[in-house]
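Novice: need the 3D shape of this:
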Amino acid sequence: MLEITGAIFVVVFSLLAYAVIKFRERKDDDGHEPPQVYGSNQMELAWTVLPVLIVVVLFLSTAQVIHRVQDAKAPADAVEVTAVGHQFWWAYEYPQYNFSTANELHVPVSTVQDDRPTFLKLLSADVDHSFWVPRLDGKTDLIPNHPNTMWIDPHQPGVYLGQCAQFCGTAHANMLLRVYVQTPEDFQSWVHQQEQPAVNDPSVAIGRTLFVAKACFACHTIRGTIAAGKVGPDLTHLMSRDTIASGMLPNTPENLRKWVQDPPAVKEGALMPKVDMTDEQLTQITAYLETLK
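Specialist: Numbers count the residues shown, from 1 in each chain. Predicted structure coming up:
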């Protein structure tokens with residue numbers, strides 16, 4: 001498209017420059033207008049047909065690219081992820097590896113030797129959301145009861161930032177996205193870690209008991225325990241994440257404690273309720289969560 005429009009620009013600008021220079025007013029002009037010519041079927045046909053042909057070529061080129069992008073077939077070794085938008089966080093399910101995580105999407109980098117794109121199935125658990133990481137792809141909406149798809153093919157490792165691009169409620173602006181593009185080796189190491197169940201650390205048994213007693217298990221999953229809730233994020237490897245509250249805060253013990261104590265106070269609009277507990281109970285539950293690495 002750039003080549004075609006660039007050629008048109010050169011031709012039009014050259015003709016314009018020629019006309020401006022060739023037919024400019026000169027000192028020895030006698031002031032009379034040159035002969036006036038009205039109507040030319042050949043010229044009118046030319047400036048009608050040629051632009052139509054150019055637009056048709058551009059249309060066909062665009063349609064071909066759109067078809068190639070939207071109907072791309074996933075190669076056998078492509079990574080498949082189901083991204084589910086919630087108010088106001090992201091769930092990522094990896095069906096090939098049988099585990100889920102939240103808010104931080106990990107994908108492998110693609111190289112010339114190992115072309116490995118990631119295909120995303122986009123779902124919404126409640127209202128409209130939109131998945132948008134500008135450096136990886138255009139935004140694609142997540143619509144309730146209407147599965148959508150997109151794919152990304154990053155060629156440089158790193159952390160790519162984005163966020164929900166469709167207003168979805170009070171905390172919409174804090175529904176952030178972090179995509180970790182890793183080397184194949186680092187990605188496989190991360191997958192292996194995420195596949196493991198939670199470690200049963202006897203030193204935090206009281207906190208684990210409180211996690212159940214305070215009904216946290218009803219909303220969250222911790223694989224290897226009775227916690228199997230689907231309302232909130234999977235916490236099996238909570239401390240392996242760099243952030244909490246959908247990218248709002250660094251994942252530190254201090255921030256984690258504040259979040260568990262009163263989520264709506266940290267993130268206005270958060271649907272996770274404040275649970276009544278003593279300072280000692282809060283310390284014990286936080287200590288248990290800190291073992292989920």
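Novice: quick one, strands of the chain?
Specialist: 79-86, 89-94, 99-102, 104-108, 118-124, 129-132, 140-142, 148-152, 158-164, 176-182, 243-244, 249-250 (DSSP state E).
Novice: relative to Gly224, which of these is closest?
Specialist: Shortest distance between Gly224 and the strands of the chain, using C-beta to C-beta, is found for strand 99-102: 11.6 Å. C-beta: built from backbone N, CA, C; applies to glycine.
Novice: which strands or helices does that closest one pack on?
Specialist: strand 89-94, helix 184-195 (3 or more C-beta pairs under 8 Å, 6 or more residues apart in numbering; DSSP states H and E).
Novice: how about the ones you listed, which one is nearest Val212?
Specialist: Nearest of those (C-beta to C-beta): strand 89-94, 21.8 Å.
Novice: packing partners for that closest one?
Specialist: Using 3+ C-beta pairs under 8 Å, 6+ apart: strand 89-94 touches strand 79-86, strand 99-102, strand 104-108.
Novice: in a markdown table, list the ones you listed along with distance to Asp276, mean neighbour count and mean pLDDT.
Specialist: Formatted as a markdown table, those follow (distance: least, C-beta to C-beta, whole Å; neighbours: other C-beta atoms under 10 Å; pLDDT from 0 to 100):
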| stretch | distance to Asp276 | mean neighbour count | mean pLDDT |
| --- | --- | --- | --- |
| strand 79-86 | 24 | 20 | 96 |
| strand 99-102 | 25 | 22 | 94 |
| strand 104-108 | 30 | 22 | 97 |
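Novice: distance to Tyr92 added to those, as a markdown table?
Specialist: As requested, the helices and strands packed on strand 89-94 are exported to a markdown table (distance: least, C-beta to C-beta, whole Å):
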| stretch | distance to Tyr92 |
| --- | --- |
| strand 79-86 | 6 |
| strand 99-102 | 5 |
| strand 104-108 | 5 |
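Novice: wait, which of those strands is closest to Val260?
Specialist: Nearest of those to Val260, taken as C-beta to C-beta: strand 99-102 at 15.3 Å.
Novice: quick check: the gap between Thr291 and Trp190.
Specialist: Distance of Thr291 to Trp190, computed by C-beta to C-beta, to the nearest Å: 19 Å.
Novice: what do you get for Glu44?
Specialist: 65 Å.
Novice: what's the answer for Trp259, then?
Specialist: Separation of Trp259 from Trp190 (C-beta to C-beta): 23 Å.
Novice: what of Thr170?
Specialist: In terms of C-beta to C-beta, Thr170 sits 32 Å off from Trp190.
Novice: turn the strands of the chain into CSV, including distance to Pro233.
Specialist: Formatted as CSV, the strands of the chain follow (distance: least, C-beta to C-beta, whole Å):
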stretch, distance to Pro233
strand 79-86, 8
strand 89-94, 6
strand 99-102, 3
strand 104-108, 10
strand 118-124, 15
strand 129-132, 15
strand 140-142, 16
strand 148-152, 21
strand 158-164, 15
strand 176-182, 14
strand 243-244, 9
strand 249-250, 14
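Novice: deepest of those, which one?
Specialist: strand 129-132 (a mean of 24; mean count of other C-beta atoms under 10 Å).
Novice: domains in this protein, by residue range?
Specialist: The chain breaks down by automatic domain parsing into domains covering 79-187, 202-289.
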